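*Asks:* here is a sequence together with a model predicted from it:
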Amino acid sequence: MGKRKRDTAAPSAEAVEKSNSAKKLKAPKKTSTTKPSTAAFQLTNDDGDVTIQIIAGSYDRILHGITAAIHPATSTEKSKQNGDKSPKPKTEFADTFLFNAHTSAIRCLALSPPSEPDHKGQQKLLLATGSTDERINIYNISAHPPSARAAEDQKGLSALAPRPVLENSKNREVGNLLHHTSNITRLVFPNRSKLLSAAEDSTIGVTRTRDWALLHSFKCPIPKVYGRPSGDTAVAGMGPSGVNDFAVHPSNKIMISVGKGERCMRLWNLETGKKSRVLNFDKEILIEIGEGRHSTGEARKIVWGASRDKDGEEEDEFAVGFERDVLVFGMDCRPRCRLMKGERTKVQEMGYVRGVDGENDGETVLAVSTEDGRILFFKTNEYVASEEDKEKENGEKAKKDGLPCARMVAQLGGKDAGVTTRIKDFKILAVRSVKGAVSWYVTAGGSDGRVRVWRLGSGDLSTAKGEKDGKVVGELLGTYETNNRITCLESFVMIPRPDGAEESEYEFESDESEDEDEEDSE
């Protein structure tokens, strides 16, 4: 860690396959680890208090650490709200850390799973930040809310600040990685023992977190230049190159990547460390989603998910995001549907949400944030009736209508909610109460510098038949002003402090050595 490692040999050019293979991907056997689960955080007490740690990166090189403490309304407050069955909780924001993390804009963040509790019962997470300065910074982040003692000791500092300050000495930088030679574009912790990173140097690195050694580097070929598009700032003779995004299957055996200047996606075998296949995007489909002659046709985002077929069986799928639309592919690598038909906006971020029917292994929806300040929720196994279907019902000759469009079940934010700027990134956290009810907390960061927290009820993402398509959902709980242009965001539900550790001084002690992380069983 801390030493620059450069590859002297540039990636060799590679011809892309001319036709897509219809061969189905060999997905791992169905186990509990292969499901893209968003398992609900289980509350341990009946008061319903939830504390969320939010981390936001910005164009201005600043890394914000914020806690949002959400307290349910008391019985007195409920009586004042005229019998409202769902009174608005009270939300309190506090600053936990503020790092001048990089020398240029922060592009991406990644959080690891929590560590195993040590003898004092404390847990922590690893935070990785990537920037356009070619560096990856690593931080330790406490998984527990600030203690009462810390709040008491920092009262004087909080009185001088616009918001309460609840610093924790456990939140600190560990070091940095310098094995990439260009802008960092994507970071992922598939498990606590590995960190995957992608950059515009057309490589994807695999780093072991135990000693931060670079284990392997996937080299993606640099695409050939076919003319110079308007506004291209590449060096003469060179074109856009680099990895835009990648997605690791929950089994940690398959990875798919998409790159700049390429109208294809690449499949990688993580067990052998070699490329598996190259899949071209169909030209007609690219034209249908707005990636025609005058667009790059490259994919910008990709994420793994799952849906249920007509028989109720769960099957894996993955979504590929373009500038203005999203395509959903099955394991046969054929597109199933598109999402943004009729929406005149750009796609910013996306992710799957599991258990919208209250079960951890239940129905799944795909959430997409947009340029106009909304988060849209789609059911990828239900489609909107097309003109072709309507003509069939009327007994007329059916016309080809292209890919079906997934049903939009709900939307959050937007102009009516006072959000007019793009939502750059978001995270959806599920929380299950002691009584078993599930609710979702949505944390979102926008280009206006504001971090917003919404709450979704157990029925807001319901996909039952008869529900109105595209219904407006969500309750805004609070807004935090960072005064910086947000580029990326991560968040997690903080773990309640261990018994007996409330007034302990462990969080003010320095770690003599880092705990040894277990190796990935795969």
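*Replies:* Alright, I've got the coordinates. It should be emphasised that the depicted structure is a prediction, and the values quoted were computed from it without experimental measurement.

*Asks:* tell me where the model's unsure across the protein.
*Replies:* 1-40, 42-47, 74-87, 119-120, 148-162, 225-238, 357-361, 385-401, 463-467, 499-522 (pLDDT under 70).

*Asks:* what segments of it are helices?
*Replies:* 75-80, 148-153, 155-160, 283-288, 387-393 (DSSP state H).

*Asks:* separation between residue 111 and residue 447?
*Replies:* Applying Cβ to Cβ, to the nearest Å, the value for residue 111 to residue 447 is 22 Å. In this view, the C-beta of every residue, glycine as well, is placed from N, C-alpha and C.

*Asks:* so between the two, which is more surrounded?
*Replies:* Using other Cβ atoms under 10 Å as the criterion, residue 111 and residue 447 rank with residue 111 on top: 20 against 16.

*Asks:* can you map out the strands along the stretch 101-250 of the chain?
*Replies:* For the stretch 101-250 of the chain, the strands defined by DSSP state E, counting those that start in this stretch cover 106-111, 124-131, 136-142, 172-177, 184-191, 194-199, 203-208, 213-219, 243-248.

*Asks:* quick one: strands adjacent to the fifth one?
*Replies:* On the basis of DSSP bridges, the sheet neighbours of strand 184-191 come out as strand 194-199 (antiparallel).

*Asks:* list the contacts of the partner strand.
*Replies:* 110, 112, 126, 128, 130, 134, 136, 177, 180-190, 204-209, 215, 242-243, 245-246, 248, 252, 255, 257, 520 (Cβ atoms under 8 Å, 6 or more residues apart in numbering).

*Asks:* the same query, at a cut-off of 6 Å, please.
*Replies:* When contacts are defined by Cβ atoms under 6 Å, 6 or more residues apart in numbering, strand 194-199 is touched by residues 128, 136, 180, 182, 184-189, 204-207, 209, 243, 246, 520.

*Asks:* could you check the angle it makes with strand 172-177?
*Replies:* Relative orientation of strand 194-199 and strand 172-177, computed by axes from the mean of the first three to the mean of the last three Cα atoms, to 10 degrees: 60 degrees.

*Asks:* export only the CA atoms of strand 194-199, formatted as CSV.
*Replies:* The C-alpha trace of strand 194-199 is given here as CSV (Å, rounded to 0.1, in the frame of the first residue of the first chain):
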residue,chain,number,x,y,z
LYS,A,194,-11.5,-8.5,-1.3
LEU,A,195,-11.8,-5.0,-3.0
LEU,A,196,-12.4,-4.7,-6.7
SER,A,197,-11.6,-1.4,-8.4
ALA,A,198,-11.9,-0.2,-12.0
ALA,A,199,-10.3,2.8,-13.7
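
*Asks:* hang on, residue 277 packs against residue 267?
*Replies:* Yes - under the criterion of Cβ atoms under 6 Å, residue 277 makes contact with residue 267 at 4.5 Å.

*Asks:* thinking again about what came up before, out of the contacts of strand 194-199, which are buried?
*Replies:* Neighbour-count burial (16 or more other Cβ atoms under 10 Å) applied to those gives 128, 136, 180, 184-189, 204-207, 209, 243, 246.

*Asks:* what about residue 378, how many residues nearby?
*Replies:* For residue 378, the count of nearby residues is 28 (other Cβ under 10 Å).

*Asks:* any idea how far the residue lying closest to it once chain neighbours are set aside is from residue 265?
*Replies:* For residue 378, ignoring the flanking residues on the chain, the nearest one in space by Cβ to Cβ, 6 or more residues apart in numbering is residue 406 at 4.3 Å. As judged by Cβ to Cβ, residue 406 and residue 265 stand 20 Å apart.

*Asks:* what's near enough to touch the closest residue to residue 286 other than its chain neighbours?
*Replies:* Spatial nearest neighbour of residue 286, chain neighbours left out: residue 297 (5.1 Å); criterion: Cβ to Cβ, 6+ apart. By Cβ under 6 Å, 6+ apart, the contact set of residue 297 is 263, 286, 291.

*Asks:* how about a cut-off of 7 Å?
*Replies:* 263, 281, 286, 291 (Cβ atoms under 7 Å, 6 or more residues apart in numbering).

*Asks:* in TSV, list those residues along with neighbour count and distance to residue 310.
*Replies:* Formatted as TSV, those follow (neighbours: other Cβ atoms under 10 Å; distance: Cβ to Cβ, whole Å):
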residue	neighbour count	distance to residue 310
263	18	32
281	22	27
286	21	28
291	22	30
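
*Asks:* and of those residues, the nearest to residue 477?
*Replies:* Nearest to residue 477 among those is residue 291, at 37.3 Å by Cβ to Cβ.

*Asks:* these two touch, right, residue 409 and residue 377?
*Replies:* Yes - shown here, residue 409 and residue 377 form a contact pair, counting by Cβ atoms under 7 Å, at 5.2 Å.

*Asks:* any common contacting residues for the two?
*Replies:* With Cβ under 7 Å, 6+ apart as the test, residue 409 and residue 377 both reach 365, 461.

*Asks:* gap between the nearest residue to residue 264 once chain neighbours are set aside and residue 326?
*Replies:* Distances taken as Cβ to Cβ, 6+ apart put residue 280 closest to residue 264, at 4.7 Å, once the chain neighbours are dropped. Distance, residue 280 to residue 326, using Cβ to Cβ: 18 Å.

*Asks:* the two: which is more packed in?
*Replies:* residue 326 (25 against 16).

*Asks:* beta partners for the more buried one?
*Replies:* On the basis of DSSP bridges, residue 326 is bridged to residue 321.

*Asks:* what's near enough to touch it?
*Replies:* 319-320, 338-340, 347, 350, 368.

*Asks:* how far away is it from residue 142?
*Replies:* 35 Å.

*Asks:* swap in residue 195?
*Replies:* In this view, residue 195 and residue 142 are 19 Å apart by Cβ to Cβ.

*Asks:* and if you look at residue 270?
*Replies:* 31 Å.

*Asks:* before we move on, what about residue 481?
*Replies:* With distances taken as Cβ to Cβ, residue 481 is found 24 Å from residue 142.

*Asks:* and residue 267, what is it in contact with?
*Replies:* 254, 256, 276-277, 279.

*Asks:* now, which of those sits nearest residue 93?
*Replies:* Among the contacts of residue 267, and counting by Cβ to Cβ, the member closest to residue 93 is residue 256, at 37.0 Å.

*Asks:* look up how far residue 486 lies from the closest one.
*Replies:* Going from residue 256 to residue 486 by Cβ to Cβ gives 27 Å.

*Asks:* ramachandran angles for residue 460?
*Replies:* phi -70, psi -30 (degrees, to the nearest 10).

*Asks:* tell me, how many residues neighbour the nearest residue in space to it that is not next to it in sequence?
*Replies:* Nearest residue to residue 460, sequence neighbours excluded (Cβ to Cβ, 6+ apart): residue 473, at 3.9 Å. Applying other Cβ under 10 Å, we find 22 residues neighbouring residue 473.

*Asks:* now residue 473, which residues is it bridged with?
*Replies:* Counting by DSSP bridges, residue 473 forms beta bridges with residue 412.

*Asks:* if we can go back for a sec, distance to residue 373 for the strands of the stretch 101-250 of the chain - can I get that in a markdown table?
*Replies:* Listed next are the strands of the stretch 101-250 of the chain as a markdown table, based on distance: least, Cβ to Cβ, whole Å:
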| stretch | distance to residue 373 |
| --- | --- |
| strand 106-111 | 21 |
| strand 124-131 | 25 |
| strand 136-142 | 28 |
| strand 172-177 | 33 |
| strand 184-191 | 24 |
| strand 194-199 | 28 |
| strand 203-208 | 32 |
| strand 213-219 | 36 |
| strand 243-248 | 22 |
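
*Asks:* please name whichever of these is nearest to residue 307.
*Replies:* In terms of Cβ to Cβ, the element of these nearest to residue 307 is strand 243-248, at 15.7 Å.

*Asks:* other SSEs contacting that closest one?
*Replies:* Judged by 3 or more Cβ pairs under 7 Å, 6 or more residues apart in numbering; DSSP states H and E, the packing partners of strand 243-248 are strand 184-191, strand 194-199, strand 254-259, strand 301-308.

*Asks:* strand 136-142 and the first one, what's the angle between them?
*Replies:* Right, strand 184-191. Going by the same axes, to 10 degrees, strand 184-191 makes 40 degrees with strand 136-142.
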